[in-house]
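Undergrad: Build me a structure from this.
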Amino acid sequence: MTEEVSRRDFLNRLGVTIGAVGASAGSLIAPEPAHAQAPMQPKGTIPDKPYKTGHMTFFTGPAAVLGEQSYKGHILAADEINAQGGLLGKRKIETVKADEAAGTDANVKELRRMKLSESIDCFTGVISSGNTPALGPVAEELKCLTVFTDGCTDFLFEKAVPNPHYVFRLTNIQSADGITTALAIAQTWPKSKRIAHIHPDYSYGRNAFDHFGIVMKKLLPHTEVVSEGWPKLGTTDFSSHITKAISSKPDLVVSSVWGGDYVAMYKQALRYGMFQKAKFASMIAFGVAPHAIGKDHPEGVIAGVHSNYHFTYPDGDRWPYNKSFVEKYRKRFNEYPNFQAEGGYTATYILKTALEKANHLTGGWPEDDAVIAMLEGQMIAGPAGYVYIRPDNHQGYKDAVTGFSKNVADYPFPILDPARIITIPIRNITAPPGWPKGEPTSTYTWIDKTWPVAKV
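TA: Reported below is the predicted structural model:
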């Protein structure tokens, strides 16, 4: 792409929208929620043997503040389905859970145990992008139908499982995080020049840094990186990384630190006055359980939600499915849901929908191959909006979301400012089908080769 284009025109072309009504499902008329519809009458004989799901997420350690909600979302959906008689009206969902904090090697062994000893029918969950590339090939080997709710690394389907059959994933692909945050900055803080980074030192942080950087190169080429901090995952003391960033005198600090690590980092950064010295943007600040963030969190910073979901958006008046989900979740667990809760909930319903479609075509309890055929290309309305599974790579896509932190009277913690939600059509920030594999990712090379360098 050799054309000259202004930054503003290119952002408009991408569909980057800021305001209460954006590009996601909130601007659409919502369908009736799947759980509110009368169950589809199954064809043929359906066994009443329980349907066993293995669900892995973080139940202990700093990441539990992010991951535990994945299990709660799954259980909420499973109980709703079981109240209607179960899958296809007969098979009640039983869940075997596992703590992802055990580590990658132990998680691989646990997946094998679940499939070979517990005889699970499906495997769901997983938070860390360090785990899905190890678990994906094993799920394929075991012929275990798998719907990852996170573990969003591009590496999973580009390298670890390049031709998936049994493995699917619903959370937006990892590269969307860095891109979404960079586009939000280009839209709202285009005069930023000196940028300091603090990212976890593993695949997620490196991916966020790389994809943020390529968008900066294209849309804000006058910016420069003045500091990099790479704390280890699980770090409790961020002081050296915070002081290093501050000493570089940045206009903007960017971070993809997440979960309990992020809570520790922002509280320590308050003591150093970091948020008064520079603007701040995060890929996943509000991805944690909403109640984990205190009223002391700075207002007016870009507080990403992993490009996925925040419980206040889409607004209930325009998308009743989200309103219903939030109300049920809060009543059940006495807290508000994060994107992991929405992922666990939607993954269970997308599986239910695929089973019903496969049964309608084949009769009886469908084989996994029939269910897989229905999952490929499936679109479902979830609390976050429409979720689409691309058939070529089994990756789920939903419009990307981020926004600005704000304290409001309705909640005892900050939320995304309802008047400043930023939405981006996911298809416009993702490498299209057929684009060749690239380094570090296909989306990175697609942006590098096809996006213009914006005029200053």
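Undergrad: Please enumerate the helices of the stretch 351-456 of the chain.
TA: When secondary structure is read from DSSP state H, counting those that start in this stretch, the stretch 351-456 of the chain shows helices at 368-375, 442-450.
Undergrad: per-residue confidence averaged over the longest one?
TA: The reference is to helix 442-450. Helix 442-450 carries an average pLDDT of 97.
Undergrad: and that helix, which residues are buried?
TA: Neighbour-count burial for helix 442-450 flags 442-447 (criterion: 16 or more other CB atoms under 10 Å). C-beta here means a position set from N, CA and C on the backbone, and glycine is covered the same way.
Undergrad: possible to save those residues as CSV with distance to residue 177?
TA: As requested, these are arranged in CSV below (distance: CB to CB, whole Å):
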residue, distance to residue 177
442, 16
443, 11
444, 13
445, 17
446, 16
447, 14
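Undergrad: Looking at these, which is nearest residue 289?
TA: For those, the closest approach to residue 289 (CB to CB) belongs to residue 443, at 28.8 Å.
Undergrad: ok, that closest one touching residue 173?
TA: Yes. Look at residue 443 against residue 173 with CB atoms under 8 Å: they come within range, at 7.3 Å.
Undergrad: Tell me the residues that contact both of the two, please.
TA: Overlap between the contact sets of residue 443 and residue 173, as judged by CB atoms under 8 Å, 6 or more residues apart in numbering, is given by 154, 430.
Undergrad: related to what we said a few turns ago, between the helices of the stretch 351-456 of the chain, which one is nearest to residue 402?
TA: helix 442-450 (17.1 Å).
Undergrad: outside of that closest one, which residues touch it?
TA: 1, 154, 158, 173, 175, 179, 210-211, 214-215, 217-218, 429-432, 435-436, 438-439.
Undergrad: Any of these buried? List them.
TA: If you count burial by 16+ other CB under 10 Å, the buried members of these come out as 154, 158, 173, 175, 179, 210-211, 214-215, 218, 429-431, 438.
Undergrad: among the helices of the stretch 351-456 of the chain, which is nearest residue 87?
TA: Across the helices of the stretch 351-456 of the chain, residue 87 has its closest neighbour in helix 368-375 (10.6 Å, CB to CB).
Undergrad: residue boundaries of the strands in the stretch 201-350 of the chain?
TA: 224-229, 252-255, 279-282, 302-303 (DSSP state E, counting those that start in this stretch).
Undergrad: and the residue nearest the centre of the chain, what element?
TA: For the chain, the residue sitting closest to the mean C-alpha position, by CA atoms, centre = their mean, is residue 171 at 4.0 Å. Per DSSP states H and E: residue 171 is located in neither a helix nor a strand.
Undergrad: is it true that it touches residue 153?
TA: No. Counting by CB under 8 Å, no contact exists between residue 171 and residue 153, whose distance comes to 10.3 Å.
Undergrad: In TSV: the buried ones among the contacts of helix 442-450, plus distance to residue 105 and pLDDT.
TA: Formatted as TSV, the entries for these read as follows, by distance: CB to CB, whole Å; pLDDT from 0 to 100:
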residue	distance to residue 105	pLDDT
154	23	96
158	23	95
173	25	94
175	27	96
179	32	98
210	27	98
211	28	98
214	33	98
215	35	98
218	39	96
429	34	96
430	31	96
431	31	96
438	29	92
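Undergrad: Where does the prediction get shaky in the protein?
TA: 1-4, 20-40, 456 (pLDDT under 70).
Undergrad: what about residue 119, neighbour count?
TA: When neighbours are defined as other CB atoms under 10 Å, residue 119 has 10 of them.
Undergrad: typo on my end, it should be residue 206
TA: Other residues lying near residue 206 total 18 when counted by other CB under 10 Å.
Undergrad: That one touches residue 213, doesn't it?
TA: No. With contact taken as CB under 8 Å, residue 206 and residue 213 are classed as non-touching, separated by 10.7 Å.
Undergrad: hmm, back to that, could you dump the helices of the stretch 351-456 of the chain to JSON lines with distance to residue 201?
TA: Converted to JSON lines, those look like this (distance: least, CB to CB, whole Å):
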{"stretch": "helix 368-375", "distance to residue 201": "34"}
{"stretch": "helix 442-450", "distance to residue 201": "19"}
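Undergrad: of those, which approaches residue 247 most closely?
TA: With distances scored as CB to CB, the stretch of the helices of the stretch 351-456 of the chain nearest to residue 247 is helix 442-450 (29.9 Å).
Undergrad: which residues does the closest residue to residue 169 other than its chain neighbours bridge with?
TA: Using CB to CB, 6 or more residues apart in numbering and skipping residues adjacent in sequence, the residue nearest residue 169 is residue 148, 4.1 Å away. Beta-bridge pairing of residue 148 under DSSP bridges involves residue 125, residue 169.
Undergrad: how much space between residue 148 and residue 242?
TA: Counting by CB to CB, to the nearest Å, the separation of residue 148 from residue 242 is 33 Å.
Undergrad: swap in residue 94?
TA: Noted for residue 94: a distance of 46 Å to residue 242, by CB to CB.
Undergrad: Let me see the ranges of the strands in the stretch 1-150 of the chain.
TA: Under the criterion DSSP E, counting those that start in this stretch, the stretch 1-150 of the chain contains strands at 17-18, 51-57, 93-99, 122-125, 146-148.
Undergrad: contact partners of the first one?
TA: It refers to strand 17-18. 23, 187-188, 420-424.
Undergrad: Check those residues and tell me the two furthest apart.
TA: The most widely separated members of those are 23 and 188, with 16.1 Å between them, by CB to CB.
Undergrad: Make TSV out of the contacts of strand 17-18 and add distance to residue 360.
TA: Converted to TSV, the contacts of strand 17-18 look like this (distance: CB to CB, whole Å):
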residue	distance to residue 360
23	33
187	44
188	47
420	44
421	37
422	39
423	34
424	35
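Undergrad: filter the residues you listed to the buried ones?
TA: Restricting these to buried positions leaves 23, 187-188, 420-424, with burial counted as 16+ other CB under 10 Å.
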